[in-house]
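1. Predicted structure and sequence below. I'll ask about it afterward.
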Amino acid sequence: MLDLPRLQRIRLMPRPIGQIFFGWTVLTPNYRLLPGIDIEVENIEKIPREPVIFAMNHTDRFNYFPFMYRLWRKEGRYMTVWVKGKYYETTNVGMFMELTSNIPTVSRGYIITKDFALTMGRRPTEAEYDTLRARVNAEADPDLDPSSVDISQIPQRLLNTKRDILGVEFNPNRESYARGINNTFAAMMREFVKLNERSFDLGLDLLVFPQGTRSIRLPRGRIGMMQIALRYKKTIVPVGCNGCDLIYPGSVPIAKKGTVVYRIGDPIRYEELSAFHIDEPFEPFSAEAEHKYRDKFQGAVDVVMDRINALLDPQYQFSDDLNSTGVRGTSRFI
């Protein structure tokens, strides 16, 4: 599983051996020897030579595979990808993610759901999750009152048992459950930020799906990517992925016949986002930064999502309500 000690153990590599091995043994035979798989990257010349953040729509489990493969084979570039913490639930998949130098993302939803499962021996119901998430969010927001969220239907064992929450001590005699979850989130996100810093130091590109959960239609973006991009003044390259869900329709990482088209947009340099600059130091993913600068993070990611949308075929463009058409509920997390 993903916990604080595991985040601290992850070691990124400038030439990830897992990516190279997987590229030669799985992707190369799949894409070059099986007939009918066509990978097109339009406007590849727009990609700057320096390491960048690629911002791509997320239609299926594997829609970064062909893109990473093409840039590796044609351009000699390596990248790290933000991947869900749930992929570290399985030993083999978690090891694959580490060897391929991916960075696991952390969310309060994952911490709430995983801690509940470990403590209670089951997943939370949707009602339990919604209540706990509201309480945790209220504890992190100085404008909200956590006591306004009724937790009388939540199992007392969850709220009152002293334990380790994914590597961070929780003592209900000293702090509330919501504070314990937020403390774990803060500790894990500090390690997450360190891994992103390390990827930049190694000269790796970073690939992020700013929408979060996969969805055929593009939803509104989330603020996580912009906290890193604005803090480290990184160039963002929007990428529209079209057709990958048809060659990867399920959970098997072997592509079927078909064509996937990646359209590269104009790079969005830090200077272009001047309306959203933050002129003082801030800690990405901290409760303070997310409360104080949320509008700037959201405004900046809205710009990026508009650029991605313009690179998509109609069937992949913004959903009518800007919501995800993909996985919902606690199955998103574990």
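-> Noted; the coordinates are in hand.

2. For the helix or strand of the chain with the lowest mean pLDDT, buried residues please.
-> Ranking every helix and strand in the chain by mean pLDDT, DSSP states H and E puts helix 91-99 at the bottom, with a mean of 94. Neighbour-count burial for helix 91-99, with 16 or more other C-beta atoms under 10 Å as criterion, is recorded at 94, 97, 98, 99. Quick note: C-beta positions are derived from backbone N, CA and C, even for glycine.

3. Check stretch 273-291 too.
-> In stretch 273-291, counting by 16+ other C-beta under 10 Å, buried: 273, 276, 282, 284, 285, 286, 287, 289, 290.

4. ok, which pair from these is furthest apart?
-> Greatest spatial distance among these (C-beta to C-beta): 273 and 287, at 23.1 Å.

5. For residue 214, the count of nearby residues, please.
-> Neighbourhood size, residue 214 [other C-beta atoms under 10 Å]: 19.

6. Tell me the pLDDT of it.
-> Per-residue confidence (pLDDT) for residue 214: 94.

7. and what of residue 126?
-> The predicted local confidence for residue 126 is 97.

8. What distance do you get for residue 8 to residue 182?
-> To residue 182, residue 8 is 19 Å away according to C-beta to C-beta, to the nearest Å.

9. Check this structure and tell me which residue is nearest its centre.
-> residue 82 (4.4 Å; C-alpha atoms, centre = their mean).

10. can you pull out the helices in the stretch 51-200 of the chain?
-> 65-75, 91-99, 108-120, 126-140, 156-160, 177-201 (DSSP state H, counting those that start in this stretch).

11. now these as CSV including distance to residue 231?
-> Formatted as CSV, the helices of the stretch 51-200 of the chain follow (distance: least, C-beta to C-beta, whole Å):
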stretch, distance to residue 231
helix 65-75, 25
helix 91-99, 24
helix 108-120, 20
helix 126-140, 19
helix 156-160, 34
helix 177-201, 8
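
12. For residue 263, find the nearest of those helices.
-> Of all those, helix 65-75 comes closest under C-beta to C-beta, at 11.1 Å.

13. And the closest one, what's buried?
-> Buried, per 16+ other C-beta under 10 Å, within helix 65-75: 65, 66, 67, 68, 69, 70, 71, 72.

14. contact partners of stretch 99-108?
-> 2, 6-7, 10, 12-13, 16-19, 21-22, 78, 80-85, 87-88, 97, 133, 136-137, 140, 181-182, 185, 188-189, 192, 195-196, 199, 204, 224, 333 (C-beta atoms under 8 Å, 6 or more residues apart in numbering).

15. how's this protein carved up into domains?
-> As assigned by automatic domain parsing, the chain contains the domains 4-105+186-327, 109-184.

16. Hmm, residue 207 and the residue nearest to the centre of the chain touching each other?
-> Yes. With contact defined as C-beta atoms under 8 Å, residue 82 counts as touching residue 207 (7.2 Å).

17. Identify the residue nearest residue 182 in space, chain neighbours excluded?
-> Leaving aside its chain neighbours, residue 182 sits nearest to residue 140 (5.2 Å; criterion: C-beta to C-beta, 6 or more residues apart in numbering).

18. All the strands of this structure, residue numbers only.
-> Along the chain, counting by DSSP state E, strands occupy 37-42, 53-56, 79-83, 103-104, 163-165, 168-170, 205-208, 236-242, 258-264.

19. before we move on, back to that, state the pLDDT value of the residue nearest to residue 182.
-> Value listed for residue 140 in the pLDDT field: 97.
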